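Engineer: Next one to model:
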Amino acid sequence: MPQDDPLRLAIIIASTRNGRFGPTVASWFAARARRRTDLDIDLIDLAEAGLPQTLTDQDEPVPAPVAALAPRLTAADAFAVVTPEYNRSFPAPLKTAIDWYYEEWQAKPVAFVAYGRESGGLHAVDQLRQVFTELDAVAIRDAISLPRYWDLFAADGTWPKVTADCNAAAATTLDRLCWWAHALRDARAKRPYVP
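Structural biologist: Next up, the predicted model:
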């Protein structure tokens, strides 16, 4: 793949809860990413993906929703996981989604956009780093943490405030994610990744 081809960034909305804030955060992050000319964005909402909670055995057929999402994950050069923190961890539907796939994550970078109470979702991010490392993905160091995200609403109801720190953090995170995505895409093109 030529170096000039845009990177495909899959932004995954992890929460499937009623009344969730994830789509708001994901829309903001996707808008920041779309400002770049080197990114092609695929917004994946796990609430719409309909992945089954029960994993099949290796000799069983793959459910249709799992098969439908696989090409989108395979096509991605990088991932950004938008996740809340529930009880010092990440949502169960995200773990299920991660566990349905294996090769799709390998040798690709993953960034995290986390939100929550005072921790800003960083407990969830710590655990996700371990999970993605086990899958041979590269969890990048830079992450966006949104502590007390509800305080970031502007007076006119928009989110986040123009002066919010997360705006600068998004630019840094996207820069790092793109660097890793280019490096790993080039490496995979030269030599297929073998776990």
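
Engineer: Got the phi and psi for the spatially most central residue of the chain?
Structural biologist: The centre of the chain sits closest to residue 81, judged by C-alpha atoms, centre = their mean, with a distance of 2.0 Å. Main-chain torsions, residue 81, degrees, to the nearest 10: phi -100, psi 120.

Engineer: next one: the one 3 residues further on
Structural biologist: Geometry field for residue 84 lists phi and psi as phi -80, psi 170, criterion degrees, to the nearest 10.

Engineer: how about it, what does it touch?
Structural biologist: Contact criterion C-beta atoms under 8 Å, 6 or more residues apart in numbering gives 14-15, 17, 20-22, 90-91, 114-116, 121, 124 as the residues in contact with residue 84. C-beta: built from backbone N, CA, C; applies to glycine.

Engineer: quick one: buried residues of stretch 164-178?
Structural biologist: 164, 166, 169-170, 173-174, 176-178 (16 or more other C-beta atoms under 10 Å).

Engineer: any idea which of these is closest to residue 54?
Structural biologist: Closest approach to residue 54 among these (C-beta to C-beta): residue 177, at 32.2 Å.

Engineer: Which other helices and strands does the top helix by length along the chain contact?
Structural biologist: Under DSSP state H, the helix in the chain containing the largest number of residues is helix 165-190. Applying 3 or more C-beta pairs under 8 Å, 6 or more residues apart in numbering; DSSP states H and E, one finds that helix 165-190 contacts strand 7-13, helix 22-34, strand 78-84, strand 109-116, strand 144-147.

Engineer: contacting residues around the first one?
Structural biologist: For strand 7-13, the surrounding residues in contact (C-beta under 8 Å, 6+ apart) are 22-23, 26, 29-30, 33, 38-47, 72-73, 75-82, 94, 97, 177-178, 181-182, 185.

Engineer: Buried only: go through those residues for me.
Structural biologist: With neighbours counted by 16+ other C-beta under 10 Å, the contacts of strand 7-13 contain buried members at 22, 26, 29-30, 33, 39-41, 43-46, 73, 76-82, 94, 97, 177-178, 181-182, 185.

Engineer: Provide the secondary structure category for residue 107.
Structural biologist: On the three-state scheme (DSSP: H, G, I helix; E, B strand; the rest coil), residue 107 is labelled coil.

Engineer: Contacts only, for it.
Structural biologist: Taking C-beta under 8 Å, 6+ apart, we find residue 107 in contact with 136-138, 184, 187-188, 193.

Engineer: farthest-separated two in the contacts of residue 84?
Structural biologist: Taking C-beta to C-beta as the measure, the contacts of residue 84 reach their widest spread between 17 and 114, a distance of 15.1 Å.
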